[in-house]
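Asker: no sequence for this one, just the structure:
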């Protein structure tokens, strides 16, 4: 993970962070899909690992959604206050 340049604005930093989260989410979703479609799907240990991966993915997506909603709400509040 790279550190944002000091000259970057808040919007650019947020945009880059959400872009990284999106790419990471796509990779993780693909890994889970590949795991489900593999022959090892009958292995209980593998099923547990997939279940944990799905749970962590769901939590991360929920967090991203909440952060985006809060950011939009904050911007709306600031715009209304002007």
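Answerer: Happy to help now that I have it. As the structure is a computational prediction, the values presented were derived from the model and not from experiment.
Asker: Residue 25 is in contact with residue 60, correct?
Answerer: Yes: with contact defined as CB atoms under 8 Å, residue 60 counts as touching residue 25 (6.9 Å). All C-beta spots, glycine's among them, are computed from the backbone N, C-alpha and C.
Asker: Tell me which helix or strand residue 26 sits in.
Answerer: Per DSSP states H and E, residue 26 falls inside helix 10-36.
Asker: Which secondary structure elements does that helix sit against?
Answerer: Judged by 3 or more CB pairs under 8 Å, 6 or more residues apart in numbering; DSSP states H and E, helix 10-36 is in contact with helix 44-81.
Asker: on contacts alone, who are the packing partners of the helix it packs on?
Answerer: Secondary elements touching helix 44-81 (3+ CB pairs under 8 Å, 6+ apart): helix 10-36.
Asker: I'd like to know how far residue 51 sits from residue 60.
Answerer: Noted for residue 51: a distance of 15 Å to residue 60, by CB to CB, to the nearest Å.
Asker: Which one's more surrounded, these two?
Answerer: The residue with more neighbours, out of residue 51 and residue 60, is residue 60; 14 against 11, by other CB atoms under 10 Å.
Asker: what's near enough to touch that one?
Answerer: Residues near residue 60 by CB atoms under 8 Å, 6 or more residues apart in numbering: 21, 25, 28.
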